[in-house]
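**Student:** Here is my input; please provide its structure:
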Amino acid sequence: MIRVEQALEIILAQAVLSEAEAIVLELAPGRILRETVLADRDFPPFHRVSMDGIAISFSEFAGGRRRFPVEGQVPAGAPDLPLPHPAACLEVATGGVLPGRTDTVVPYEQVQISDNVAFVQTENVRLGQNIHRQGTDRRAGDTLLQPGTRIGAAEMAVLATVGKTHLLAGKRPRVAIVATGDELVPVGATPLPWQIRQSNPVALRTLLAPWAESVEVFHCADTAAGIEKTIRGILPACEVLVLSGGVSAGKRDLVPDMLRAANVKILLHQVAQRPGKPFLFGLGPANTAVFALPGNPVSAFLCACLYVAPWMKKSLGAPEPAAEWAFLAEPLVFKPDLTWFVPVALENKKGMLFAHPKPGRGSGDLANLHEAHAFLEIPRGREQFEAGEVFRILRF
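**Tutor:** Numbering: from 1, shown residues only. This next block holds a predicted model:
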């Protein structure tokens with residue numbers, strides 16, 4: 001049985017960077033960028049008016065002029081209209097081009113316009129005010145987005161403004177989820193007293209779908225022939241195979257042996273953690289990543305958060321996320337010499353994150369996950385853990 005840190009090291013070492021593929025901008029949200037995006041021109045690309053008002057030459061105002069004949073309007077989207085003479089002004093709109101031979105914008109709130117003459121009613125006018133200067137945000141050629149960036153709303157705006165109708169993103173893997181167990185019935189079925197509905201595939205599909213090209217779900221009974229046939233049939237058609245159940249040490253826990261029979265090389269089996277100790281990881285004949293998770297819902301969910309999702313993210317080119325930490329809100333006692341991932345509800349108190357334990361009633365208590373936001377990683381080697389100690393969290 002190996003430590004959690006060793007398991008992560010082994011798994012992430014097998015996360016080979018996927019190919020990059022060209023996608024259209026509309027399909028980019030949630031994808032991992034695999035190219036450097038540069039500014040195609042200055043940001044802003046011209047001296048931009050930042051308030052509705054009048055554009056003037058400041059030297060005229062500094063010389064005592066307060067009345068400026070209005071010589072025209074420059075709305076947003078119109079080409080430059082230079083000031084015809086220094087003593088005049090032009091009406092301008094937010095987002096428009098600053099007229100040539102002007103250098104200051106006085107907002108309408110400080111101006112009275114009558115008979116086509118603007119009278120400046122304030123003495124508080126500064127040279128260059130209310131102007132967003134060309135190139136003050138970014139210069140043409142500056143790097144805007146780096147490879148490894150996950151594309152969200154802000155990144156979509158950047159891509160659109162530089163005209164990226166197509167871009168390169170990490171090619172997402174095809175994922176297959178296999179739930180094993182005679183006791184499992186479809187979600188829409190009415191279970192008999194000794195049966196349960198298939199909740200694990202639903203949770204796992206939801207968790208992994210943002211990083212996958214497709215997610216297919218299968219079910220097979222607890223028979224050696226059925227499990228081996230299912231595994232052999234699925235392995236060539238996916239890059240990630242996730243099994244749920246049948247991975248422990250019971251007489252009907254057949255998954256490890258059937259994986260070997262299907263030529264899966266097992267790289268680790270059993271990790272010193274709770275929940276999820278029976279977890280298994282291996283590689284299929286075509287380097288398909290194979291994750292065999294315990295059948296208990298909380299165990300399966302944790303292992304997917306802790307091992308499967310990080311493998312997928314790394315293979316897509318996403319950088320390793322920064323570690324997050326929280327204060328333990330109340331004392332805990334845990335005697336087994338295992339790393340304990342306890343569900344916690346997070347509370348932010350003026351910038352300090354506190355973790356309130358929600359241990360539930362074991363790894364089968366999936367309803368308890370609804371009350372939690374993350375797992376708190378409690379290290380092995382101790383039994384007493386005091387309120388106020390800081391531990392790493394794994395959000396879900």
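
**Student:** So which residues make contact with the lowest-mean-pLDDT helix or strand in the chain?
**Tutor:** Lowest on mean pLDDT, DSSP states H and E among the helices and strands of the chain sits strand 196-197, with a mean of 90. Applying Cβ atoms under 8 Å, 6 or more residues apart in numbering, the set of residues contacting strand 196-197 from outside is 183-187, 189, 191. Backbone N, C-alpha and C define where each C-beta goes, glycine included.

**Student:** Quote the end-to-end distance of stretch 358-368.
**Tutor:** 7 Å (Cα to Cα, to the nearest Å).

**Student:** just so I have it, where are all the strands in the stretch 251-396 of the chain?
**Tutor:** Along the stretch 251-396 of the chain, the stretches classed as strands by DSSP state E, counting those that start in this stretch are 265-269, 273-274, 280-283, 289-293, 324-328, 332-333, 339-349, 352-357, 374-378, 384-385, 390-395.

**Student:** Give the other helices and strands that the second one contacts.
**Tutor:** Spelled out, that is strand 273-274. strand 339-349 (3 or more Cβ pairs under 8 Å, 6 or more residues apart in numbering; DSSP states H and E).

**Student:** Next: the first one.
**Tutor:** Contacts defined by 3+ Cβ pairs under 8 Å, 6+ apart place strand 265-269 against helix 4-13, helix 255-261, strand 280-283.

**Student:** need the contact list for the closest residue to Pro310 other than its chain neighbours.
**Tutor:** In space, and not counting its chain neighbours, Pro310 is closest to Leu12: 6.4 Å by Cβ to Cβ, 6 or more residues apart in numbering. When contacts are counted by Cβ under 8 Å, 6+ apart, Leu12 is found next to 310-311, 314.

**Student:** Redo those residues as TSV? Include neighbour count, distance to Gln195 and pLDDT.
**Tutor:** TSV is the format used below for these (neighbours: other Cβ atoms under 10 Å; distance: Cβ to Cβ, whole Å; pLDDT from 0 to 100):
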residue	neighbour count	distance to Gln195	pLDDT
Pro310	20	33	98
Trp311	21	32	98
Lys314	21	37	98
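
**Student:** Quick check, central residue of the chain?
**Tutor:** With distances taken as Cα atoms, centre = their mean, the residue of the chain nearest its centroid is Arg150 (5.9 Å).

**Student:** Among the helices and strands packed on strand 265-269, which comes closest to Val117?
**Tutor:** Set against Val117 and scored by Cβ to Cβ, the helices and strands packed on strand 265-269 come closest in helix 4-13, at 70.9 Å.

**Student:** residues in contact with the next helix or strand after that closest one?
**Tutor:** Once the chain leaves helix 4-13, the next helix or strand it forms, by DSSP states H and E, is strand 20-24. Contact partners of strand 20-24, identified using Cβ under 8 Å, 6+ apart, comprise 31, 34-35, 165-171.
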